[in-house]
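1. next input, structure requested:
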Amino acid sequence: MATQNGGPTQNPAPSLNVLAQYTKDFSFENPNAPRSLAAPPSQPDVNIQIQVNAKPGGNGDFEVELKIEGGAKVGADTLFAFELTYAGVFRVQGIPEQSLQPVVLIECPRILFPFARQIIADAVRNGGFPPLMIDPVDFAALYQQRMQAEAQKLATSGQA
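-> Residues are numbered from 1 along each chain as shown. Now for the predicted structure:
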């Protein structure tokens, strides 16, 4: 507890609250159906990319977007493709400034991920394929990669 003008002041306890979750954008394509629904001659090549973005909204609120793109191919033939932007509004309070960015870019997408994973699994299954169960994601590692890329970009732009 801190004091101000001789009296105690309350520091808010650290908290992270989910105010809303929603599908912001979603697309699923099955371009070669019904031919693509036959058992593929070989194991499909599945490719998935994940991005996390956050925008401040005021009053400690942040909109966090988890964008997952991917699909499956056999050779040059696309079995299916999808693009999902699943978002949430989070209220972050009592978090020190130096810890705010990691909380928003690691913990918030960690909360959103299971819901986005289920949307994708259901869409792939409804497209006529076995559900695509995306492996858990290490958002801390994604954050570290992002920070390293930004640091490298700053270093490169400083040398130009």
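
2. quick one: the helices in the chain, in order.
-> Taking DSSP state H, the helices of the chain run over residues 97-102, 108-126, 139-159.

3. quick check: Val18 vs Glu63, distance?
-> 12 Å (Cβ to Cβ, to the nearest Å). The way it works is simple: take the backbone N, C-alpha and C, and place the C-beta from them, glycine included.

4. give me the common contacts of those two.
-> 88-90 (Cβ atoms under 8 Å, 6 or more residues apart in numbering).

5. quick one: which of those residues is nearest Phe129?
-> Among these, Gly88 lies closest to Phe129 (Cβ to Cβ), at 27.4 Å.

6. isn't the closest one up against Gly57?
-> No - here Gly88 does not reach Gly57: they are 11.3 Å apart, not a contact under Cβ atoms under 8 Å.

7. give me the more crowded residue out of these two.
-> Taking neighbours as other Cβ atoms under 10 Å, Gly88 and Gly57 compare with Gly88 leading, 22 against 13.

8. where are the low-confidence patches of the protein?
-> Per-residue confidence for the chain (pLDDT under 70) gives these ranges: 1-11, 40, 158-160.

9. apply 50 and report the result again.
-> Across the chain, the ranges flagged by pLDDT under 50 are 1-3.
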